[in-house]
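Student: return a 3D structure for these sequence lines:
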Amino acid sequence: MKPATKKTDDIALEKNFLIHQYNSVRAEILKRIELRQRVQIFVYIFAGTVFSIGTYEKIEPSILLIYPVIALFLAISWSNHDTRIGELHFFVRTKIESHFQHRGWDTYFFEELVQPKS
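Tutor: Presented below is the predicted three-dimensional model:
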């Protein structure tokens, strides 16, 4: 095998690996966004349920105090998903998109919207 061919094969293999890695990371980002939205929907349903139960005369009003505790844990879960999504975007921007000439949304978003040039 010629050295030039080996180098070309290595570059093609690296790009193929990066594309598969990108697809995997994007799938994880989409899944985390879906889970984050499910947590948000659960918070709305739970809040409606607790507040509607709390309006009955025969139910102790202190039952409403359960909502802040549960909402705290759900907010922590939502924040955790949001943090991981940000870390995955950072990984895509710095480790995957930096190997290609064309920049994707992650790099554009960071360069143009998060840190605009003066």
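Student: buried set for stretch 13-20?
Tutor: residue 18 (16 or more other Cβ atoms under 10 Å). Every residue, glycine included, has its C-beta placed from N, CA and C.
Student: sorry, wrong one. I was asking about stretch 101-110.
Tutor: Buried, per 16+ other Cβ under 10 Å, within stretch 101-110: 106, 107, 110.
Student: ok, stretch 76-94 next?
Tutor: Under 16+ other Cβ under 10 Å, the buried positions of stretch 76-94 are 77, 78, 81, 85, 88, 89, 91, 92, 93.
Student: those in helices, which ones?
Tutor: Counted as lying in helices by DSSP state H, out of these, are 77, 78, 81, 85, 88, 89, 91.
Student: ok, now which ones touch the nearest residue in space to the last one that is not next to it in sequence?
Tutor: In space, residue 91 comes closest to residue 25 once its chain neighbours are excluded; the distance is 6.3 Å by Cβ to Cβ, 6 or more residues apart in numbering. The neighbours of residue 25, taking Cβ atoms under 8 Å, 6 or more residues apart in numbering as the test, are 88, 91, 92, 96.
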